[in-house]
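**Student:** Whatever this is, show me its structure:
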Amino acid sequence: MIEQTARRRLEYRSLPVPLPVLPPRLAAGARPHGLAPNELVKLHHSLAETLDTDQGVIAQFLAPEPDTAIEAVVYDLAYITAAWLGKRVLFVNGVNMKPESDSSARRLEPVLAGQTGFIDLDAAITRIVGLDLYQMTFPSMCGALDLAPTLRWMPDFLDRLRDRFDLVVIASPPASEAPMGMLLSRFVDGNILVLQAGRTRAPVAAELRDSLHSSGGAVVGAVLTRYRTFVPRFLRRWL
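**Tutor:** Numbers count the residues shown, from 1 in each chain. Sure thing, here's the model as predicted:
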């Protein structure tokens, strides 16, 4: 335990220099997902209780169909966890990782890993000023076949993230457009479905859940976005 703490302190000192910009603030009415800050705090505590590990927790958020709110959900969760709860958090944005249809263009696209290993974390991660909040954007994906050889590097890559951060949250592209979420599902500690109220059909959500289970991934919950209720807030706690 002492050795692990010392290693994490050493890793922390090597983390990137903060960006010279202020972080985006959570503003009322500016959240496309419709989740209140207290609901995001509850989401964090649910993940912490469900995914109780000796090291940092890595959670992947995945929607069955395109949902513009998924990036905001994951970032706001990371922001609140860092700003309100004092945790060291990494927000990984992989929403735009989609396979290229043109094979010639695909060969020129950067990949997550090369022959020498995964991308340099120090170069890929940036820090938000004033917070223990860090962010990283995955490079464009070369397609499932080109990404497959790099999966052997994935356990080591994620272990490096666990040593550096208390929580790593990944916003993955929709399952209907890219295979990244399915490929990563068995390497992360837990997968959370992001479903849009009034739009995502139950059979579609169930199909994604079953596919994740078949891929070896653990589905630990779901987040319902853009949910509207006509019940006053002071009465909700009695329901």
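
**Student:** Tell me how many other residues surround Leu183.
**Tutor:** Close neighbours of Leu183, defined as other C-beta atoms under 10 Å, add up to 19. Yep, even glycine has a C-beta here, placed from its N, CA and C like the rest.

**Student:** That one against Arg152, yeah?
**Tutor:** No: with contacts counted by C-beta atoms under 8 Å, Leu183 stays clear of Arg152, the gap being 12.0 Å.

**Student:** Run through this structure and note the low-pLDDT ranges.
**Tutor:** Counting by pLDDT under 70, the chain shows low-confidence ranges at 1-32, 98-120, 139-150, 228-239.

**Student:** where do the helices sit along it?
**Tutor:** Along the chain, the stretches classed as helices by DSSP state H are 2-13, 37-50, 70-83, 103-108, 121-124, 144-147, 154-164, 180-184, 202-214, 233-236.

**Student:** Throw these into CSV and include distance to Ile192, thanks.
**Tutor:** Listed next are the helices of the chain as CSV, based on distance: least, C-beta to C-beta, whole Å:
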stretch, distance to Ile192
helix 2-13, 25
helix 37-50, 8
helix 70-83, 9
helix 103-108, 30
helix 121-124, 23
helix 144-147, 22
helix 154-164, 16
helix 180-184, 11
helix 202-214, 10
helix 233-236, 22
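
**Student:** I'd like to know which of those lies nearest to Arg226.
**Tutor:** Smallest distance to Arg226 across the helices of the chain (C-beta to C-beta): 10.4 Å, for helix 70-83.

**Student:** Show me what the closest one is in contact with.
**Tutor:** The contact list for helix 70-83 (C-beta atoms under 8 Å, 6 or more residues apart in numbering) reads 23-24, 26, 31-33, 35, 37, 40-41, 43-44, 61, 63, 87-91, 93, 95, 128, 131-133, 135, 166-167, 169-171, 174, 194, 223, 225.

**Student:** Those, buried ones only, as a PyMOL selection?
**Tutor:** Buried residues within those, by 16 or more other C-beta atoms under 10 Å, are selected in PyMOL with:
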select buried, resi 23+26+31+33+35+40+43+44+61+63+87+88+89+90+91+93+95+128+131+132+133+135+166+167+169+170+171+174+194+223+225
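
**Student:** Mind checking which of the contacts of helix 70-83 are in strands?
**Tutor:** Under the assignment DSSP state E, those contribute 61, 89-91, 93, 133, 135, 167, 169-171, 194, 223, 225 to strands.

**Student:** out of those residues, which one sits closest to Asp122?
**Tutor:** Leu90 (12.9 Å).

**Student:** For the closest one, list the residues it contacts.
**Tutor:** For Leu90, the contact set (C-beta under 8 Å, 6+ apart) comprises 78, 125, 134-136, 161, 164-165, 167-169.

**Student:** okay, those in a markdown table with distance to Ala202 next?
**Tutor:** A markdown table is the format used below for the contacts of Leu90 (distance: C-beta to C-beta, whole Å):
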| residue | distance to Ala202 |
| --- | --- |
| Ala78 | 29 |
| Ile125 | 38 |
| Tyr134 | 36 |
| Gln135 | 33 |
| Met136 | 34 |
| Leu161 | 33 |
| Arg164 | 38 |
| Phe165 | 34 |
| Leu167 | 30 |
| Val168 | 30 |
| Val169 | 25 |
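
**Student:** Buried residues of stretch 171-187, list them for me.
**Tutor:** Neighbour-count burial for stretch 171-187, counted by 16+ other C-beta under 10 Å, picks out 171-175, 178-185, 187.

**Student:** Name the nearest of the residues you listed relative to Val57.
**Tutor:** The nearest member of the buried residues of stretch 171-187 to Val57, counting by C-beta to C-beta, is Phe187 at 13.1 Å.
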